[in-house]
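# Pasting the sequence and the predicted model now:
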Amino acid sequence: MTMTIEKFINGIPKAELHVHIEGTFEPELMFKIAQRNNIKIKFKSVEELRKAYDFNNLQEFLDIYYDGTSVLIHEQDFYDMTWAYIEKLHSQNVIHAEIFFDPQTHTDRGIQFSTVITGIHKALINAEKEFGMSAKLIMCFLRHLDEEQAFQTLEHSLAYKDWIEAVGLDSSEVGHPPSKFQRVFKKAQDEGFLTVAHAGEEGPPEYVWEAIDLLNVARIDHGNRALEDDALVQLLAQKQIPLTVCPLSNLKLRVVDKLKNHPLKRMMNNNLLVTINSDDPAYFGGHLNENYIKLAKALYLTKGDIYLLAKNSFNASFLSDAEKLNYIKQVDDYQKQS
Ligand code: HPA
Ligand code: ZN
């Protein structure tokens, strides 16, 4: 009973549902891969690169984040980036992950779709083998690019349908509403993909409505600004549409001014199905446990809150009902013995 909240968080079995694989790419590994691929990085050292991770908004982050991917050329590079993240998850008692990847960031640089997805997929297969961890892939369309490019990406993905659970929507939100991709998402659903979308991070509540009404999303990624609209909050609560919330991302990208003002607790009080996630852990100063711990301290979350958030992470996942029950039993067992 004397276990600290920090220790309780570190040990509790949990799932990560909102993480961009390109956002897990740590500077040390970036430099290592740059060297073996003979590619020059704009920054002189890991320290100098880390110093550049100071953002005023989403776009400032995205510019650096897309830049960082330019060293990824071979299947092995994508494997190594993914495997480093898997090892981190394992060390944090994360037992299931649903991971975004941005194929257009790579195909636009002349890298084959197959190279990207095969490298990532092989690491996920190994995660299952080595650690008994489960993982699913979500393919994101870059919303600052046009509909036609998204259609082409969807076309590329069809040969790899079995490896991809869902499609999503990320990148610069404002000015690129979900409605821009309504037809692409319809086609993706016809092909059997589930759908999610980033909405309400910087964009208005209307974008969250559009994601639900036009893209049929099973989850909203971020969703912070949904709280500005009472009818929307009511719908999210009533339908238990999950929000994948990313506290340290929100802080670093100035969606919130300080963690003490983070809306997570308000979301929970409104009976929303919320989960805590890391988004781009290499850029935002923490992986999943750090997101839980820093937010727990800022908002005075209790062990009961953490227990609920861990269960939410499985309930909001794309696992089958039987798998959810099995994972939630592990959360229950942990809670009982701690
Ligand atoms: N928002 C939009 N696009 C992204 C993000 C994000 O937080 N992270 C990586 N791509
Ligand atoms: Zn994100």
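That came through, no problem. Ligands and ions are numbered 1, 2, ... in the order given.

# need the residues of the chain near ligand 1, please.
Proximity of the chain to ligand 1 (C-beta under 6 Å from any ligand atom) is limited to residues His20, Gly23, Leu58, Asp170, Ser171, His198, Glu201, Ser249, Asp279, Asp280. C-beta: built from backbone N, CA, C; applies to glycine.

# Arg143 is in contact with the fourth one, correct?
By that I understand Asp170. Yes: shown here, Asp170 and Arg143 form a contact pair, counting by C-beta atoms under 8 Å, at 6.8 Å.

# Find residues that contact each of those two.
Contact criterion C-beta atoms under 8 Å, 6 or more residues apart in numbering; residues shared by Asp170 and Arg143: His198.

# ok so, going back, looking at the residues of the chain next to ligand 1, which are in strands?
When the residues of the chain next to ligand 1 are checked against strands (DSSP state E), the matches are His20, Asp170, His198.

# Out of those residues, who's the most crowded?
Counting neighbours by other C-beta atoms under 10 Å, His198 comes out on top of these with 29 neighbours.

# Now that one: closest residue in space that isn't a chain neighbour?
Closest residue in space to His198, ignoring its immediate chain neighbours: Asp221 at 4.3 Å, by C-beta to C-beta, 6 or more residues apart in numbering.

# In contact with that neighbour: list those residues for me.
Contacts for Asp221 were tallied using C-beta under 8 Å, 6+ apart; they are His18, Gly168, Asp170, Val196, Ala197, His198, Ala199, Glu201, Leu243, Thr244.

# name the element it belongs to?
For Asp221, the element it lies in under DSSP states H and E is strand 219-222.

# Quick check: next helix or strand after that strand?
That would be, after strand 219-222 and using DSSP H and E, helix 230-239.

# Quick check: the residue nearest to Asn315 when sequence neighbours are not counted vs ligand 1, distance?
Counting by C-beta to C-beta, 6+ apart, the nearest residue to Asn315 once its immediate chain neighbours are dropped is Lys324, at 6.2 Å. Distance of Lys324 to ligand 1, given as C-beta to the nearest ligand atom, to the nearest Å: 26 Å.

# shaky segments in this structure?
For the chain, applying pLDDT under 70 flags the ranges 1.

# so what's whichever residue of it sits closest to ligand 1 up against?
Closest approach between the chain and ligand 1, counting by C-beta to the nearest ligand atom: Asp170, at 3.5 Å. Shown in contact with Asp170 (C-beta under 8 Å, 6+ apart): His20, Phe100, Asp102, Cys140, Phe141, Leu142, Arg143, His198, Asp221.

# who does it bridge with?
Taking DSSP bridges as the rule, Asp170 bridges to Leu142.

# tally of neighbours for Leu142?
Other residues near Leu142 come to 21 when the count uses other C-beta under 10 Å.

# Now do the helices in the stretch 151-300 of the chain.
Counting by DSSP state H, counting those that start in this stretch, the stretch 151-300 of the chain has helices at residues 182-190, 205-213, 230-239, 247-252, 264-269, 281-284, 288-299.

# Helices along the stretch 1-150 of the chain, start to end?
Using DSSP H, counting those that start in this stretch, helices in the stretch 1-150 of the chain cover 5-11, 27-36, 46-51, 58-68, 75-91, 103-107, 113-131, 147-157.

# Using TSV, lay out the ones you listed together with mean neighbour count.
Putting the helices of the stretch 1-150 of the chain into TSV (neighbours: other C-beta atoms under 10 Å) gives the following:
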stretch	mean neighbour count
helix 5-11	17
helix 27-36	17
helix 46-51	14
helix 58-68	18
helix 75-91	20
helix 103-107	22
helix 113-131	18
helix 147-157	17
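
# between these, which gets nearest to Leu235?
Nearest of these to Leu235, taken as C-beta to C-beta: helix 58-68 at 25.0 Å.

# Distance from that closest one to the middle of the chain?
Centroid separation for helix 58-68 versus its chain: 16 Å, with C-alpha atoms, centre = their mean, to the nearest Å.

# start to end distance for stretch 250-257?
Using C-alpha to C-alpha, to the nearest Å, the end-to-end distance of stretch 250-257 comes to 8 Å.

# Check stretch 227-245 too.
Distance between the two ends of stretch 227-245: 13 Å, counting by C-alpha to C-alpha.

# hmm, who's touching it?
So stretch 227-245 is contacted by 17-18, 196, 204-205, 208-209, 212, 217-224, 226, 263-264, 266-267, 270-277, 312, 315-316 (C-beta under 8 Å, 6+ apart).

# Next up, the contacts around the closest residue to Leu295 other than its chain neighbours.
In space, and not counting its chain neighbours, Leu295 is closest to Pro247: 4.4 Å by C-beta to C-beta, 6+ apart. For Pro247, the contact set (C-beta under 8 Å, 6+ apart) comprises Val256, Leu259, His262, Leu264, Ile276, Asn291, Lys294, Leu295.

# can we see that at 10 Å?
Listed by C-beta atoms under 10 Å, 6 or more residues apart in numbering, the contact set of Pro247 reads 255-256, 259, 262-264, 276-279, 284, 286, 290-292, 294-296, 298-299.
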